[in-house]
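>>> Prediction below, plus the sequence it came from.
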Amino acid sequence: MKTFVAQGQIQNQTADTLIVNLFDDVVAPSGATGAVDKALDGAISELIANGDISGKVDEVGVLYPRGAIAARRVLIVGLGKRDEFNLEGVRRAAAAAIKRARDLNAKQVATIAHGAGIGGLDVAAAAQATVEGSLLALYQYDAPKKKEPQNEIEALTIVEFDESKLGAIESGVETAVAIAAGTALARNLVNMPPNIATPTRMAEAAEAIAAERGMNITVGGRKWAAKRKMGGFLAVAKGAGEPPKFIVMEHNGDRDDLDTIVLVGKGITFDTGGISLKGVQGMGAMKSDMGGAAAVLGAMEAVGRLDLPLRVIAIAPCTENMPDANAYRPADVITASNGKTIEIISTDAEGRMVLADGLVYAERYQPKAVIDLATLTGACVIALGSDMAAGLFSTDDSLRDQLVGAGTAVHERVWPLPLWDDYFKAIKSDVADMKNGGGRYGGVGTSAIFLKQFTNYPWAHLDIAGMALAEKGEGYIPTGGTGFGVRLLVEFLRNW
Ligand code: BES
Ligand code: MN
Ligand code: ZN
């Protein structure tokens, strides 16, 4: 679906489908909805009066103008309660309406930026949320199977009457298109089966982004990593049949006059647990264990499209975690690239092993902040719930607050959890500097304190274990890969 911006009145558009909106307390619509109502001789007011539509969230009413205006149909989407309305309401409304339009086989759709008028939201942000909600809701993974012919909307036009707002609308739409592309990229990588989304395939995705957006890229294999003494990454990769890839991308890599932010993503393309083998129940979901790396790649796609004036580095250590004659084992002692030694308690605590070397590698960029994203612990999902929020740990209060703010704004929530040094007691080892597992209690805290041993800059860790894969889609989040983290990171970077 292509997106456009047009100046004019929505009722005069030549699109086959118009989308307008309604708060739940409206009796006589005003603004764009009022203008369409008037052109239809009060048809919308009549629907309201008869209780056929009420403006509640996710409700979509359909009207047929039958020649009164050029459009063949008008959709009226509910915005819910005025005092609870925000940008998330815009995304939800846009998603509900565009999905109905698609189901009705609309081809040309015209809408307004929901909330930019009477809603009182910032115009650019409202336009962005409208287009983001629409594009994200229409996302579909292109699975390699025979499928029924799908309805496809060709164009979505955001219509604005006030000429002075057009610039803001255009910039909001452009931002949304970039972010939606990054999110779709991340969703695709998570949705691909793990025999396809191999470390090699991850590297190819990164190379395509780098080539298209003029970024530097390095893809290191086993030899490259060995030269850099990346013992954590290589330990996990030892049992892997697929060649591991340590991916480094640089946006504005040579611009050391700009602030540097490093993004690190866990890229376990399939997590069997290794020798500490997982159970059969739901192991297939572990194809999403590269959700952190996917989010970081997706964020780079958006960063490149928006050409953000920052130096942004992405690091994605990618490998499978497999049981094998060569696999690393419990009781092994591994030396990471900063010289710290790790006693292996469980080979299923592999995420922190590859992240350790990723975090050490970040150091060389003298970053103002490093953010890692990882589907790291089941304990985080137990603590916060699935599809609820990512766990957030940070050594820097301002960084923490910026991430919480960005997460709230885009509705990719992150919630602060404590990073007390006392957690280290659980991972103290008799034979190494630390253990890679701290037992059942406080599993998310002990994983975070482990990672902290490999950082020496302002750092935040996001445990996205409950967020990368949705069991059941809702609104603009489809079932499967969510792309969680892309919108959060881009919002954070745009605000930096
Ligand atoms: N990839 C898993 C964590 C996970 C669990 C992600 C559920 C998504 C959903 C991770 O590698 C893992 O196995 N963690 C262990 C750590 C333990 C062995 C210390 C866990 O959470 O049980
Ligand atoms: Mn694991
Ligand atoms: Zn894992």
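Looks like it came in fine. These figures come from a predicted structure and were not determined experimentally. Ligands and ions are numbered 1, 2, ... in the order given.
>>> which parts of this structure sit against ligand 3?
268, 271, 289, 351 (CB under 5 Å from the ion). Any C-beta I mention is one placed from the backbone N, CA and C, and that applies to glycine too.
>>> Most neighbours of all the residues you listed, which one?
Neighbour counts for those peak at residue 268, which has 30 neighbours (criterion: other CB atoms under 10 Å).
>>> Skip the chain neighbours and tell me the closest residue to that one.
residue 289 (3.9 Å; CB to CB, 6 or more residues apart in numbering).
>>> Run through the neighbouring helices and strands of the helix or strand where residue 398 lies.
Secondary structure from DSSP states H and E places residue 398 in helix 397-410. If you count contacts as 3 or more CB pairs under 8 Å, 6 or more residues apart in numbering; DSSP states H and E, helix 397-410 packs onto strand 369-374, strand 390-394, strand 414-416, strand 459-463, helix 486-495.
>>> thinking again about what came up before, would you agree the residue nearest to residue 268 falls within a helix?
Yes - membership of residue 289 in a helix is supported by DSSP: H, G, I helix; E, B strand; the rest coil.
>>> show me what contacts it?
Shown in contact with residue 289 (CB atoms under 8 Å, 6 or more residues apart in numbering): 266, 268-271, 321, 351, 375.
>>> so which of these comes closest to residue 433?
Nearest to residue 433, judged by CB to CB, of the contacts of residue 289 is residue 351 at 18.3 Å.
>>> and the gap between residue 129 and ligand 3?
Computed as CB to the ion, to the nearest Å, the residue 129 to ligand 3 distance reads 33 Å.
>>> which SSE is residue 126 in?
Using DSSP H and E, residue 126 falls within helix 123-138.
>>> Which secondary structure elements does that helix sit against?
Judged by 3+ CB pairs under 8 Å, 6+ apart, helix 123-138 is in contact with strand 2-7, helix 87-103, strand 155-160, helix 166-191.
>>> what inclination does that helix have with respect to helix 397-410?
Orientation note: helix 123-138 sits at an angle of 70 degrees relative to helix 397-410 (axes from the mean of the first three to the mean of the last three CA atoms, to 10 degrees).
>>> For the helices and strands packed on helix 397-410, give me CSV that also has mean pLDDT and distance to ligand 1.
Below are the helices and strands packed on helix 397-410 laid out as CSV (pLDDT from 0 to 100; distance: least, CB to the nearest ligand atom, whole Å):
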stretch, mean pLDDT, distance to ligand 1
strand 369-374, 99, 8
strand 390-394, 99, 11
strand 414-416, 98, 16
strand 459-463, 99, 9
helix 486-495, 99, 18
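>>> got the ones you listed as TSV, with distance to residue 132 and mean neighbour count columns?
Output for the helices and strands packed on helix 397-410, formatted as TSV (distance: least, CB to CB, whole Å; neighbours: other CB atoms under 10 Å):
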stretch	distance to residue 132	mean neighbour count
strand 369-374	20	28
strand 390-394	19	25
strand 414-416	19	20
strand 459-463	20	28
helix 486-495	8	24
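>>> what's the closest of the ones you listed to residue 426?
Per CB to CB, nearest to residue 426 of these: strand 390-394, 14.9 Å.
>>> which other residues reach that closest one?
373, 380, 383-384, 400, 403-404, 407, 412-419, 444-445, 448, 451-452, 458-464, 466-467, 484-485.
>>> Please save the CA atoms from it in PDB.
What follows is strand 390-394, C-alpha atoms only, in PDB (Å, rounded to 0.1, in the frame of the first residue of the first chain):
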ATOM      1  CA  ALA A 390       9.800  -5.600  28.500                       C
ATOM      2  CA  GLY A 391      11.900  -5.700  31.700                       C
ATOM      3  CA  LEU A 392      14.300  -2.700  31.800                       C
ATOM      4  CA  PHE A 393      17.600  -2.600  33.700                       C
ATOM      5  CA  SER A 394      19.900   0.400  33.500                       C
END
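>>> would you list every one of the strands in the stretch 201-350 of the chain?
Applying DSSP state E, counting those that start in this stretch to the stretch 201-350 of the chain gives strands spanning 216-220, 245-251, 260-265, 267-271, 311-321, 333-335, 341-343.
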